[in-house]
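[1] Okay, here's the prediction I keep looking at, along with the sequence it came from:
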Amino acid sequence: MEFISIKQAMEKGTGQVNVRGWCYRVRNSNKMAFIVLRDSTDIIQCVVEKSKLSEDIWNQALKVTMECSLEITGDIKKDERAPTGYEVSVSSLKIIGESDSFPITKDQSPEFLLDKRHLWLRSRKMTSILKVRSSVFQAIRKFFNDKGFYEEHSPMFSPTSCEGGSTLFEVKYFDDIMYLTQSWQLYAEAMISALEKIYTISPCFRAEKSKTSRHLSEFWMAETEIAWFKLDDILKNAEDLVVFIVKYVVEHNEEELKFLDQDIEKLKKIKTPFPRITYTKALEILKKDGIEIEWGKDLRTTEEDIISKKYEKPVIITNYENPKTALCFDMIAPEGYGEIIGGSERDTDIEEMKKALIEQGEKPEKYEWYFDTRRYGKVPHSGYGLGVERVIAWLCNSDNIKDTIPFPRTMIRRMP
Ligand code: ATP
Ligand code: MG
């Protein structure tokens, strides 16, 4: 028997079809059973009529419970009243895997759904978000591949920190300790002297101790590092990437975005150039809203939100005024989804770098290999990291970053 997906069956529209999947909903009377079948592509209503079928098949139909897996053969036709506009009149039905009483019913708490995440993944909400997630990964790869970048990888075990010690995960490494990677940057800076234009999409690990709706302890970062690029070049590249991702998702995930209540027209307006403001200007905006920040302090989540809500596109905040961070930038998503990109034109002066490391409490001796990248033919170069889950949260209208990854990890969430 050859099976087609529910989507293909609806495209076919008439005649006999073989479909298989899981029972999304079921309702019986003593003459009829209505089974809504779900597969990865869609759902479809299947009607079982006792009078038209053998006793055997009718008895199978009575055993169908929520989320059991089954194969169905029947005639498909248009039906306005059915949930997705088509209905299958069942001629044969076979249960493949029975389902005990499925634990997820209506109106359950977010914590319960996280405990049952392995089952909650089957919901239309999670399925929609995960399809968008897949598109975001595809878009990132396509963006860089089309420009001739090489996809490369850095080790997950790192002897040193990259983002500061407070969020480092220590792991036992034979008789020693190592750290889980926080970013590929140092290794990427070595690789560009060979490959010039590179990118990666990789897990990153940060022991985030605060409970926020936008930090995971294991998240995916898309990072790029580009030789010869100055700050202006990298800003342009970062803007182009974000526009490319949004466009790709709008083109490939219209159904999912609609299901998630996302305004597609609004996303279509995300085009370059993005507004750019300096750090000092950001402080002025906040001051007008009654928030005083001491010059030099990082913007916190709430402050980023106030700024992002004033724009319909992502905003780039540069920090030309501070000699220490003059070549850094952050990109903040609209509507309070937080920082989606952090990047910079990299420092190339070894003495400056040593000073910065000492200030962070690091031992510069451990970075001798890295300083070699500056000793042997250094070039100006720039890079950034994009938080993949933050972008997905923004595109999917998702108020918690935990919903943007199949099995989230935070300080308090480690199961399933
Ligand atoms: P934040 O201030 O929001 O913690 P950061 O300044 O620590 O961000 P970077 O080191 O610049 O972030 O990392 C690059 C990008 O990775 C960020 O812009 C963000 O999109 C994403 N990111 C950083 N930390 C996390 C995290 N814990 N969970 C999910 N995404 C993250
Ligand atoms: Mg951080």
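    That came through, no problem. Ligands and ions are numbered 1, 2, ... in the order given.
[2] what about the residue in the stretch 1-150 of the chain positioned nearest to ligand 1, is that helix, strand or coil?
    In the stretch 1-150 of the chain, no residue comes nearer to ligand 1 than V136, which is 12.6 Å away by CB to the nearest ligand atom. Glycine gets a C-beta too; all of them are placed from N, C-alpha and C. Applying DSSP: H, G, I helix; E, B strand; the rest coil to V136 yields a three-state assignment of helix.
[3] I figured it was touching W394, is that so?
    No: counting by CB atoms under 8 Å, V136 stays clear of W394, with 10.3 Å between them.
[4] Apart from its chain neighbours, what residue comes closest to the residue located most distally from the centre of the chain?
    The centre of the chain is farthest from one residue, S51, which by CA atoms, centre = their mean lies 48.8 Å away. Closest residue to S51 apart from its sequence neighbours, by CB to CB, 6 or more residues apart in numbering: K31 at 6.8 Å.
[5] ok, that neighbour touching K50?
    Yes: here K31 reaches K50: they are 5.0 Å apart, a contact under CB under 8 Å.
[6] between the two, who's got more neighbours?
    Neighbours around K31 and K50, counted as other CB atoms under 10 Å, are more numerous at K50. The numbers are 16 against 10.
[7] Do I have it right that the more buried one meets N30?
    Yes: at 7.5 Å, K50 counts as touching N30 under the criterion of CB under 8 Å.
[8] ranges for the strands of the stretch 301-416 of the chain?
    Counting by DSSP state E, counting those that start in this stretch, the stretch 301-416 of the chain has these strands, from start to end: 315-318, 328-332, 339-345, 381-387.
[9] which one of those is the most hemmed in?
    Greatest average neighbour count among the strands of the stretch 301-416 of the chain goes to strand 381-387 (a mean of 24), per mean count of other CB atoms under 10 Å.
[10] Direction included, what does that strand pair against?
    Its sheet considered, strand 381-387 pairs with strand 218-227 (antiparallel), strand 339-345 (antiparallel) by DSSP bridges.
[11] which residues are contacting it?
    Contact partners of strand 381-387, identified using CB atoms under 8 Å, 6 or more residues apart in numbering, comprise 140, 183, 185, 188-189, 192, 204, 219-231, 233-234, 237-238, 241-242, 327, 329, 339-346, 348.
[12] Could you list which residues are in contact with E189?
    So E189 contacts 225, 346, 370, 373, 381, 383 (CB under 8 Å, 6+ apart).
[13] which SS class is it?
    From three-state DSSP, the assignment for E189 is helix.
[14] for ligand 1, what are the nearby residues on the stretch 251-400 of the chain?
    Taking CB under 6 Å from any ligand atom as the contact definition, the stretch 251-400 of the chain meets ligand 1 at 338-342, 385, 387, 389-390.
[15] that older thread, list only buried entries from the contacts of strand 381-387.
    By neighbour count, with 16 or more other CB atoms under 10 Å, these hold 140, 183, 185, 188-189, 192, 204, 219-227, 229, 231, 234, 237-238, 241-242, 327, 329, 339-346 as buried.
[16] which ones are touching S91?
    By CB under 8 Å, 6+ apart, the residues touching S91 are 16, 52-53, 73-75.
[17] Now render those residues as TSV, adding secondary structure, distance to F144 and pLDDT.
    Output for the contacts of S91, formatted as TSV (DSSP: H, G, I helix; E, B strand; the rest coil; distance: CB to CB, whole Å; pLDDT from 0 to 100):
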residue	secondary structure	distance to F144	pLDDT
Q16	strand	45	98
K52	helix	56	95
L53	coil	55	95
T73	strand	45	98
G74	strand	46	98
D75	strand	47	98
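[18] Against which helices or strands is the helix or strand that K281 is a member of packed?
    Counting by DSSP states H and E, the element that carries K281 is helix 279-288. Contacts defined by 3 or more CB pairs under 8 Å, 6 or more residues apart in numbering; DSSP states H and E place helix 279-288 against helix 301-308, strand 315-318.
[19] What strands line up against the shortest one, and which way round?
    Right, strand 315-318. Partner strands and pairing direction for strand 315-318 (DSSP bridges) are strand 276-278 (parallel), strand 328-332 (antiparallel).
[20] Make CSV from these and add mean pLDDT and distance to I307 to it.
    Below are these laid out as CSV (pLDDT from 0 to 100; distance: least, CB to CB, whole Å):
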stretch, mean pLDDT, distance to I307
strand 276-278, 95, 8
strand 328-332, 96, 6
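[21] Let me have the ones you listed in TSV, extended by distance to G377.
    Converted to TSV, the strands paired with strand 315-318 look like this (distance: least, CB to CB, whole Å):
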stretch	distance to G377
strand 276-278	32
strand 328-332	24
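[22] just the CA coordinates of stretch 30-44, formatted as PDB?
    This file holds the C-alpha atoms of stretch 30-44, laid out as PDB (Å, rounded to 0.1, in the frame of the first residue of the first chain):
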ATOM      1  CA  ASN A  30     -23.500   4.400  17.900                       C
ATOM      2  CA  LYS A  31     -23.600   4.800  14.100                       C
ATOM      3  CA  MET A  32     -20.700   7.100  13.300                       C
ATOM      4  CA  ALA A  33     -17.200   7.900  14.400                       C
ATOM      5  CA  PHE A  34     -15.400  11.200  13.500                       C
ATOM      6  CA  ILE A  35     -11.700  10.800  13.700                       C
ATOM      7  CA  VAL A  36      -9.500  13.800  13.000                       C
ATOM      8  CA  LEU A  37      -6.200  12.400  11.700                       C
ATOM      9  CA  ARG A  38      -3.000  14.400  12.100                       C
ATOM     10  CA  ASP A  39       0.400  13.900  10.400                       C
ATOM     11  CA  SER A  40       3.300  16.300  10.000                       C
ATOM     12  CA  THR A  41       1.700  18.100   7.200                       C
ATOM     13  CA  ASP A  42      -1.900  18.900   8.400                       C
ATOM     14  CA  ILE A  43      -5.100  17.400   9.900                       C
ATOM     15  CA  ILE A  44      -8.100  15.900   8.200                       C
END
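[23] Okay then, goodbye and thanks.
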